[in-house]
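Q: coordinates only, sequence not included:
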């Protein structure tokens, strides 16, 4: 019996480390965030097309870099990775994005399972349908190490 308990504890500790390095799920799929919550496709008011790209001078960016939304509005964010590298989009309050950035620096290959984020390989497309519940200033960024520093960040302005 002791061996089973010890083996189970060792397995739990080692698999926990693998999960911590390999995936990230902050529970955003089920909890409401300050920035809002996953939206229903049938309530989409408009679509914002967002390109993820790199420039010859080394800059990486989102186009557009500012998104304006009204509180309560449900929009479709449609992404196209026009670059040659993987890119991601994470949106939230600035302190939460910076906290996530610090974790990504430690675990650069971390996969995301959050409704407020998406990661795309070059040439791929994807979307997030989101209801922006609360007025305020929010941010978005690519948190793959080095991308934020190369300019891959932007602002979301949610008005009343």
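A: On my side now, so go ahead. Given the structure is predicted, the values throughout are model-derived calculations rather than measurements.

Q: other SSEs contacting the helix or strand containing residue 138?
A: For residue 138, the host element (DSSP states H and E) is strand 136-141. Here strand 136-141 touches strand 87-92, helix 94-106, strand 153-159, going by 3 or more C-beta pairs under 8 Å, 6 or more residues apart in numbering; DSSP states H and E. For glycine as for every other residue, the C-beta is placed from the backbone atoms N, C-alpha and C.

Q: residue 52 contacts residue 77, correct?
A: No - using C-beta atoms under 8 Å, residue 52 makes no contact with residue 77, being 11.5 Å away.

Q: ok, back up a step: ok, the strand holding residue 138: who's next to it in the sheet?
A: Strand pairing for strand 136-141, using DSSP bridges, gives strand 87-92 (antiparallel), strand 153-159 (antiparallel).

Q: how many other residues sit next to the nearest residue to residue 121 once chain neighbours are set aside?
A: Leaving out its chain neighbours, the residue that sits closest to residue 121 by C-beta to C-beta, 6 or more residues apart in numbering is residue 86, at 5.5 Å. Around residue 86 there are 15 other residues, counting by other C-beta atoms under 10 Å.

Q: what ranges do the helices span in this structure?
A: Ranges of helices within the chain are 2-22, 94-106, based on DSSP state H.
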